[in-house]
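In: Pasting a predicted model and its sequence here:
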Amino acid sequence: MSKKKVKETNSLWPFYSLMAAFARRFGVIALGVVVVVSAVVVAYQTHQLRQATIELKKLQDEQTALDLQWQKLRLEQSALADHSRIEQLAQEKLQMKHTNNDDEIIMKPALRDKE
């Protein structure tokens, strides 16, 4: 009985041998395709990362420039809103001056009941 099993296995040996050779070749080709696709994906992802890093750097530089401009505008606003500057402009351009007690005239409302 054991001789028949050996003969059956041996009779299918060329088929198994052919399938094994095909699987090896197909496996090598499939592995090669997977390696190439993987390399292309890695290159694409690296490119995307570099582009995103460049964009991030540009946005950080823009943020820094805007922060500096904001600080300058705040300093300018505080300088322009300074009380002594406003007082000086009022005196020079509008000829305004501080009043003395002698120059003040206080008017009292007229009472209607007094007729």
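Out: Okay, I see it. Residues are numbered from 1 along each chain as shown.

In: before we move on, which element is residue 67 in?
Out: Counting by DSSP states H and E, the element that carries residue 67 is helix 13-80.

In: Next, report how far that helix is displaced from the centre of its chain.
Out: Here helix 13-80 shows a centroid-to-chain-centroid distance of 16 Å under the convention C-alpha atoms, centre = their mean, to the nearest Å.

In: average pLDDT across that helix?
Out: For helix 13-80, mean pLDDT is 91.

In: which helices and strands does that helix pack with?
Out: Applying 3 or more C-beta pairs under 8 Å, 6 or more residues apart in numbering; DSSP states H and E, one finds that helix 13-80 contacts no other helix or strand. C-beta: built from backbone N, CA, C; applies to glycine.

In: Just the CA atoms of the next helix or strand along the chain from it, as CSV, please.
Out: With elements assigned by DSSP H and E, the helix or strand that comes after helix 13-80 is helix 83-93. Below are the C-alpha coordinates for helix 83-93, written out as CSV (Å, rounded to 0.1, in the frame of the first residue of the first chain):
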residue,chain,number,x,y,z
HIS,A,83,-1.7,113.3,26.8
SER,A,84,1.2,115.8,26.5
ARG,A,85,1.2,115.4,22.7
ILE,A,86,-2.5,116.0,22.5
GLU,A,87,-2.2,119.0,24.7
GLN,A,88,0.7,120.4,22.5
LEU,A,89,-1.3,119.9,19.3
ALA,A,90,-4.3,121.6,20.8
GLN,A,91,-2.2,124.6,21.8
GLU,A,92,-0.4,124.8,18.4
LYS,A,93,-3.1,124.0,15.9
